[in-house]
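Undergrad: I'll drop the sequence and a predicted model, then ask my questions.
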2 protein chains.
Amino acid sequence: MSKAAVLLSGGLDSATAAAWTRGAGFEVVALSVDYGQRHRLELEAARRVVAHLGISDHRIVTVDLRAIGGSALTADITVPKDREEIGGDVPVTYVPARNTVFLALLTGLAEVVGASDLVIGANVQDYSGYPDCRPEFLRAFAEVACLGTRAGAEGTRFAVHAPLLHLSKAGIVRLGASLGVDYALTLSCYDPPAAFVHCGRCDACRLRRAGFAEALVPDPTTYDAA
Amino acid sequence: MSKAAVLLSGGLDSATAAAWTRGAGFEVVALSVDYGQRHRLELEAARRVVAHLGISDHRIVTVDLRAIGGSALTADITVPKDREEIGGDVPVTYVPARNTVFLALLTGLAEVVGASDLVIGANVQDYSGYPDCRPEFLRAFAEVACLGTRAGAEGTRFAVHAPLLHLSKAGIVRLGASLGVDYALTLSCYDPPAAFVHCGRCDACRLRRAGFAEALVPDPTTYDAA
């Protein structure tokens, strides 16, 4: 069975992407990144998803992006709540070059385990304006992976798969539900008030909640009552 | 003065690249990466170079590439000594996707400090077969930086400069000497036997030593007497 290297944050999207990868016939090698994020509980969610999906190779790489800063997720900037409109401008939760860093690490892992397929749960519709979720970025990154690795120099053609790229959040929820993903194990919230409790008010929570509602799939999430 | 973000390992090449950047009229913002490398003393060398060149903004980002492994520099694989021939095949000191990871971090830093020029001391002649030092890789990465960042989405054109790319090691030494670089502060050795002592036998030491000899520049390096 071919291996695929999958970025697994522990959120709804990446859990769905991992399930999609398994469903497509790959052996999943999962990579989670501990990058000093405010919502580090998502790493625990990633471990739960790994157990749930029966993934046997899961690496957690620590990279301290706080030394770079520049984001509400990695510096002392407040996570916005109850924004009027989600989308448009790049929000303060944007982490400079995050997906470039994550895909670079994933490329290294793929090379070590002998995988040429990289999978990321990036999504254009509700990426809240993050530039590093755009399809042209993902295509350019695949070229970098081919050129910047020993495997690539020896002929491996790396591909970056973003199976959720053109799905709405509701579409993602429906896809995951059809693949048997237990979303109760996942964590989307940027600023969880307690372990596995979602604040319900940050962009990520609001998109998640609306996704379940629109998909007509029961939402197993615990949202903060406050 | 425009800022440029420079990868500074603490080795001979990156110290020269930083001096070149300063000489080109940029304000240097330096990034060193603590990636679990066997030769972590190079971070101390980086600090010495930063002080020497009067760089006021130096960030050290920790990323634990040992969780990925696959290299003599980050896993329990022996660093080769006294190799018959340097060059040709990719050696075991190749770190999977290292320059991709480093340039990704550099891109994040550049975005935070408002720099659009990225500088790396990559070098084609004596890169010992590392694929991620090739010019086509560096060009492809610049495209990723443009596409994967907020600054890029807003019109910034990132450029990746590799001022040493086509220089021999002797050429690098000559360039650095002309720029006043004090190479006694730098560390190239992959496996230093003691603080600021070079083993003299790994690929990096042998290339360094030959570079000074060929450049007819006095070599200030302390090589292991053993």
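TA: Received the coordinates, thanks. Residues are numbered from 1 along each chain as shown, chains lettered A, B, ... in the order given.
Undergrad: what angle do the longest helix along chain A and helix B:98-113 make?
TA: When every helix of chain A is counted residue by residue (DSSP state H), the longest turns out to be helix A:98-113. On the basis of axes from the mean of the first three to the mean of the last three Cα atoms, to 10 degrees, helix A:98-113 is oriented at 170 degrees to helix B:98-113.
Undergrad: remind me what helix A:98-113 packs against, helices and strands.
TA: Applying 3 or more Cβ pairs under 8 Å, 6 or more residues apart in numbering or on different chains; DSSP states H and E, we find helix A:98-113 packed against strand A:3-7, strand A:27-34, strand A:57-62, strand A:117-119, helix A:135-147, helix A:150-153, helix B:98-113. Using the backbone N, CA and C atoms, a C-beta is placed for each residue, glycine as well.
Undergrad: right, so of the ones you listed, which gets closest to residue B:177?
TA: Closest to residue B:177 of the helices and strands packed on helix A:98-113, according to Cβ to Cβ: helix B:98-113, at 25.7 Å.
Undergrad: gap between that closest one and the chain center?
TA: In this view, helix B:98-113 has its centroid 13 Å away from the chain centroid, taken as Cα atoms, centre = their mean, to the nearest Å.
Undergrad: let me see the mean pLDDT of it.
TA: Averaging pLDDT along helix B:98-113 yields 94.
Undergrad: ok, stretch A:21-30 next?
TA: For stretch A:21-30, the mean pLDDT works out to 98.
Undergrad: keeping just the C-alphas, turn it into PDB.
TA: Output of stretch A:21-30 as PDB, limited to C-alpha atoms (Å, rounded to 0.1, in the frame of the first residue of the first chain):
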ATOM      1  CA  THR A  21      -6.700   9.700   2.400                       C
ATOM      2  CA  ARG A  22      -7.300   6.400   4.000                       C
ATOM      3  CA  GLY A  23     -10.500   6.000   1.900                       C
ATOM      4  CA  ALA A  24      -8.400   6.600  -1.200                       C
ATOM      5  CA  GLY A  25      -6.300   3.600  -0.400                       C
ATOM      6  CA  PHE A  26      -3.200   5.100   1.200                       C
ATOM      7  CA  GLU A  27      -1.500   4.200   4.300                       C
ATOM      8  CA  VAL A  28      -1.600   7.400   6.300                       C
ATOM      9  CA  VAL A  29       1.500   8.800   8.000                       C
ATOM     10  CA  ALA A  30       0.300  11.800  10.000                       C
END
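Undergrad: that one near chain B anywhere?
TA: No: if you take Cβ under 8 Å from any Cβ of the partner chain as the test, stretch A:21-30 misses chain B, and the best it gets is 10.6 Å.
Undergrad: quick one: the spatially closest residue to residue A:100 that is not a sequence neighbour from residue B:98, how far?
TA: Spatial nearest neighbour of residue A:100, excluding adjacent residues (Cβ to Cβ, 6 or more residues apart in numbering or on different chains): residue B:104 at 4.1 Å. Taking Cβ to Cβ, to the nearest Å as the measure, residue B:104 falls 11 Å from residue B:98.
Undergrad: which one of the two is surrounded by more residues?
TA: Counted by other Cβ atoms under 10 Å in any protein chain shown, residue B:104 and residue B:98 do not tie: residue B:104 has more neighbours, with 31 against 24.
Undergrad: contact partners for that one?
TA: Counting by Cβ atoms under 8 Å, 6 or more residues apart in numbering or on different chains, residue B:104 touches A:97, A:100-101, A:103-104.
Undergrad: what's the offset of the helix or strand of chain A with the lowest mean pLDDT from the middle of its chain?
TA: Least confident helix or strand of chain A, by mean pLDDT, DSSP states H and E, is helix A:150-153 with a mean of 89. Computed by Cα atoms, centre = their mean, the separation of helix A:150-153 from the middle of its chain amounts to 26 Å.
Undergrad: who are the packing partners of that helix?
TA: By 3+ Cβ pairs under 8 Å, 6+ apart, helix A:150-153 packs against helix A:98-113, helix A:135-147.
Undergrad: what's the first-to-last distance across stretch A:60-70?
TA: Distance across stretch A:60-70, first residue to last, is 23 Å (Cα to Cα, to the nearest Å).
Undergrad: can it be found next to chain B?
TA: Yes: against chain B, stretch A:60-70 shows contacts by Cβ under 8 Å from any Cβ at A:60-65, A:67-70.
Undergrad: who's in contact with that stretch?
TA: Stretch A:60-70 has contacts (Cβ under 8 Å, 6+ apart) with A:31-37, A:43, A:46, A:71, A:74-75, A:95-96, A:98, A:101, A:105, A:109, B:59-65, B:67-68, B:105, B:108-109, B:111-112.
Undergrad: filter those residues down to the buried ones.
TA: Neighbour-count burial (16 or more other Cβ atoms under 10 Å in any protein chain shown) applied to the contacts of stretch A:60-70 gives A:31-37, A:43, A:46, A:71, A:74-75, A:95-96, A:98, A:101, A:105, A:109, B:59-65, B:67-68, B:105, B:108-109, B:111-112.
Undergrad: compare the helices and strands packed on helix A:150-153 and give me the one nearest residue B:222.
TA: Set against residue B:222 and scored by Cβ to Cβ, the helices and strands packed on helix A:150-153 come closest in helix A:98-113, at 32.9 Å.
Undergrad: what angle do the closest one and strand A:57-62 make?
TA: Using the same axes, to 10 degrees: helix A:98-113 against strand A:57-62 is 130 degrees.
Undergrad: keeping just the C-alphas, turn helix A:98-113 into PDB.
TA: What follows is helix A:98-113, C-alpha atoms only, in PDB (Å, rounded to 0.1, in the frame of the first residue of the first chain):
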ATOM      1  CA  ARG A  98       2.400  28.700   8.300                       C
ATOM      2  CA  ASN A  99       1.300  26.400   5.600                       C
ATOM      3  CA  THR A 100       4.700  26.800   3.800                       C
ATOM      4  CA  VAL A 101       6.400  25.800   7.000                       C
ATOM      5  CA  PHE A 102       4.000  22.900   7.600                       C
ATOM      6  CA  LEU A 103       4.300  21.600   4.000                       C
ATOM      7  CA  ALA A 104       8.000  21.800   4.200                       C
ATOM      8  CA  LEU A 105       8.000  19.700   7.300                       C
ATOM      9  CA  LEU A 106       5.600  17.300   5.700                       C
ATOM     10  CA  THR A 107       7.900  17.100   2.600                       C
ATOM     11  CA  GLY A 108      10.700  16.100   4.900                       C
ATOM     12  CA  LEU A 109       8.600  13.400   6.600                       C
ATOM     13  CA  ALA A 110       7.300  12.100   3.200                       C
ATOM     14  CA  GLU A 111      10.900  11.700   2.000                       C
ATOM     15  CA  VAL A 112      11.900   9.800   5.100                       C
ATOM     16  CA  VAL A 113       8.900   7.400   5.000                       C
END
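Undergrad: low-confidence regions, chain A specifically.
TA: Across chain A, the ranges flagged by pLDDT under 70 are A:38-39, A:72-77, A:79-80, A:83-93, A:125-129, A:226.
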